[in-house]
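> when you get a sec, could you give me coordinates for this:
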Amino acid sequence: MERLETRNVIIGAGAMGAATAYHLSRRGAPFVLIEQFAVGHDRGSSHGAARITRHSYGDWTYARLMPAAFRAWRDLEADSGECIYVRTGGVTFCWDRFDVVAQVAKCLDHLEVPHRRMSGREWRRIHPEFTLSESHDVVYEPDAGMLTAEKAVRLQVALACRRSGGYGRLLEHTVVRRLDLEGPRPVVLTDSHHIVADRLIVTAGPWLRSLLSGLPLSLEVTRQQVLYLAPPDPAPYHVGRFPIFIYHGPEAEDAFYGMPLFLGLGVKVARHGGPPTAPEKVDRTISEQDRSVVREFLRWSLPALADAPVSQTEVCLYTVARDERFLLDFYPGRPDVLIASPCSGHGFKFSCLIGSILADLSTEGRTDHAIDEWSLRCHRGMSSPPAEESMT
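Numbers count the residues shown, from 1 in each chain. Have a look, this model is predicted:
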């Protein structure tokens, strides 16, 4: 068994873990990054071609951090010379008897982010693919878009390992069997390694509970089911013509999102959320009933897509807190153990920023970003944000 000592151990090389390794490397801080599968694997929450990014939140807890999140991605692009952010514009819509769009517009006003609020009929005149009515409330943000998800994860891990020289190490296909938090320093045990760390950073997503069973937090892992559709006329759905979209319905489960044609995969459409699952027993098939739920939404909102052939399907996992809040805090009684999870289905857009925050906390013990609302204390005691604001 190999015995190692290092300043930082990161468990999980998904969006949060990759970003943490990258930002630690920028600070010259040694790290060991452990991934039970391969970097970029499709069994968790961070794979696939693209994820939505936007300033358009109705919950100020998240909206206020989006300008910093956008800057973090721009910095990564400048550092790497690679394109990560794809500007498409983004539309959020709901029925006008709900205040979701009103709250989004209010936050955009506070942020001074360009946007336009309109009725569904006005939006339909601009984008006739959407068959919205006068009874829909719409807000459009031209700077919303997509992040190249799997590419971003792989890129940050590659940059972290390259920049750190011999002080950064990636252990792929390495399963953590046990964490020993009884001694003065955290110890990570795998089949082949005994690793002693000054700081342990757990970014394990759906596997968080199995690693830290004593975590005083209710978590649920859910199965997210995604369709890629091949429209009969693809021209209106290409990047540059078709925006990302988010719909909020009257119930929590009545929420959908989508993205334009990208990398030849089809138009991505999914319902936000899904049934509970165990990360080691995920059913990766998508039933006709699952497909019909999406098609029924499309029949009244984007009818040209409703009967389009499915070119590809995808399954990923959400790790969801009871109030769909993020968690970023120290493990109780261990100021040398950091946790960054769950992301509750809307965390990828923040991941590059959260990686920087975790690097701050690990190297300096503090961060300039206001993250108190993501603490364990707030999970246990504070009021919940609106569930409809937690969207991919």
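
> spatially, what comes nearest to Leu200 if we skip its sequence neighbours?
Pro186 (3.8 Å; Cβ to Cβ, 6 or more residues apart in numbering). Every residue, glycine included, has its C-beta placed from N, CA and C.

> and that neighbour, how far is that from Thr319?
Using Cβ to Cβ, to the nearest Å, Pro186 is found at 21 Å from Thr319.

> mind checking the pLDDT average for stretch 127-142?
For stretch 127-142, mean pLDDT rounds to 97.

> how distant is it from the center of its chain?
25 Å (Cα atoms, centre = their mean, to the nearest Å).

> could you work out the end-to-end span of it for me?
The straight-line separation of the ends of stretch 127-142 (Cα to Cα, to the nearest Å) is 14 Å.

> and it, what's buried?
127, 129-130, 132, 136-141 (16 or more other Cβ atoms under 10 Å).

> before we move on, which element is Val157 in?
helix 149-164 (DSSP states H and E).

> with only the CA atoms kept, save that helix in CSV.
Output in CSV follows, covering the C-alpha atoms of helix 149-164 (Å, rounded to 0.1, in the frame of the first residue of the first chain):
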residue,chain,number,x,y,z
ALA,A,149,-19.8,20.7,-19.5
GLU,A,150,-17.6,17.6,-20.1
LYS,A,151,-15.0,19.7,-21.9
ALA,A,152,-14.8,22.1,-18.9
VAL,A,153,-14.3,19.3,-16.4
ARG,A,154,-11.5,17.6,-18.5
LEU,A,155,-9.9,21.0,-19.2
GLN,A,156,-9.6,22.0,-15.6
VAL,A,157,-8.2,18.7,-14.5
ALA,A,158,-5.6,18.8,-17.3
LEU,A,159,-4.6,22.3,-16.4
ALA,A,160,-4.4,21.5,-12.7
CYS,A,161,-2.1,18.5,-13.3
ARG,A,162,0.0,20.4,-15.9
ARG,A,163,0.5,23.5,-13.8
SER,A,164,1.2,21.8,-10.5
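
> just how off-centre is it within its chain?
17 Å.

> counting contacts, what elements does it pack onto?
helix 15-26, strand 31-34, helix 66-80, strand 168-171, helix 351-364 (3 or more Cβ pairs under 8 Å, 6 or more residues apart in numbering; DSSP states H and E).

> residues in contact with the residue nearest in space to the middle of the chain?
The centroid of the chain falls nearest to Phe348 when counting by Cα atoms, centre = their mean (2.4 Å). Contacts for Phe348 (Cβ atoms under 8 Å, 6 or more residues apart in numbering) come out as 15, 45-46, 51, 53, 147, 149, 392.

> for whichever helix or strand Ala197 is part of, which positions count as buried?
Element membership for Ala197, per DSSP H and E: strand 193-202. Judged by neighbour count using 16+ other Cβ under 10 Å, the buried positions of strand 193-202 are 193, 195-197, 199-202.
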